[in-house]
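Enquirer: No letters, just coordinates:
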Ligand SMILES: O=C[C@H](O)COP(=O)(O)O
């Protein structure tokens, strides 16, 4: 059990890092995003590990099997960039979902009507996952019913698209508020709850992750419904990814450690994972066949 824990330097570190890659929503959310950098992002999402590292990992027959189809979980972009991502992924013949942020990202300080129009636009352009952001003023004023109604309408606007609800925890005021906002978001039909936009001064932190995991666990035991967790914002190092995997495994169980129930939203994490995999592939101590079991 112990050796099956995600650890840097642990026996199965390679496997856990590969797991982190498959759970990553590879993200670009910059004011100067263009179709060119979205095309590059999609190409990277489909081929997240460089040929040089793959060649090394391919030396192990079991790794080879798992590496054949490895991609990130999704790409995540602004609404105006959704068509670029959809077209390029189609060209690459990749089944990767396109996630779009919406609802006045990152502040959420827009009328509900325009937020709903944004969602409809993203879905019409081919986004199959919508990362909506809540209006933090409703949390700070404890207007839980209004928050519920807004999220519920967003969920309806998403139609068949999966909805991840960003709480922007750094602006929610207290752990108590984060716990309540998590429950309200789940009650209103969110498929995932997500920590942050990446634009707040405090983004994904482990104490907040613990509160959100507890809310997910309690909601599951009350309703039988499994809601996913997406930490996002400032997750840049292998250590960060491993810590989140560890938290989710400990609090929610291995069942949650797959892209259907766990995502890491990150723009720069893959660079560090690739660096570390390069090191591990060249200084191999253990096979990563434990990927089978995690
Ligand atoms: O939703 C994803 C976040 O915006 C990514 O934040 P990051 O650029 O700090 O990784």
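Expert: Yep, it's here. This is a predicted model, so every value here is computed, not measured.
Enquirer: make it CA atoms for all contacts and neighbour counts henceforth
Expert: Noted.
Enquirer: tell me which parts of the stretch 151-294 of the chain are close to the ligand?
Expert: Taking Cα under 6 Å from any ligand atom as the contact definition, the stretch 151-294 of the chain meets the ligand at 197-198, 232-235, 265-268.
Enquirer: What sits closest to residue 211 if chain neighbours are left out?
Expert: If the residues on either side of it in the chain are set aside, residue 211 comes closest to residue 179, at 6.1 Å by Cα to Cα, 6 or more residues apart in numbering.
Enquirer: How confident was the prediction at that neighbour?
Expert: Residue 179 carries a pLDDT value of 98.
Enquirer: And the strands in the protein?
Expert: For the chain, the strands defined by DSSP state E cover 24-27, 74-77, 98-102, 129-133, 162-166, 192-194, 228-230, 264-266.
Enquirer: a markdown table for those, including mean neighbour count, mean pLDDT and distance to residue 122?
Expert: Listed next are these as a markdown table, based on neighbours: other Cα atoms under 10 Å; pLDDT from 0 to 100; distance: least, Cα to Cα, whole Å:
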| stretch | mean neighbour count | mean pLDDT | distance to residue 122 |
| --- | --- | --- | --- |
| strand 24-27 | 26 | 98 | 16 |
| strand 74-77 | 28 | 98 | 10 |
| strand 98-102 | 28 | 98 | 7 |
| strand 129-133 | 27 | 98 | 8 |
| strand 162-166 | 26 | 98 | 12 |
| strand 192-194 | 28 | 98 | 18 |
| strand 228-230 | 25 | 98 | 20 |
| strand 264-266 | 27 | 98 | 18 |
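Enquirer: Let's have those in JSON lines, adding distance to residue 35.
Expert: Shown next, in JSON lines, are these (distance: least, Cα to Cα, whole Å):
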{"stretch": "strand 24-27", "distance to residue 35": "14"}
{"stretch": "strand 74-77", "distance to residue 35": "11"}
{"stretch": "strand 98-102", "distance to residue 35": "14"}
{"stretch": "strand 129-133", "distance to residue 35": "19"}
{"stretch": "strand 162-166", "distance to residue 35": "24"}
{"stretch": "strand 192-194", "distance to residue 35": "26"}
{"stretch": "strand 228-230", "distance to residue 35": "26"}
{"stretch": "strand 264-266", "distance to residue 35": "19"}
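Enquirer: For the stretch 101-250 of the chain, which segments count as helices?
Expert: Listed in chain order, the helices found in the stretch 101-250 of the chain under DSSP state H, counting those that start in this stretch are 112-124, 136-140, 144-158, 175-187, 206-223, 238-252.
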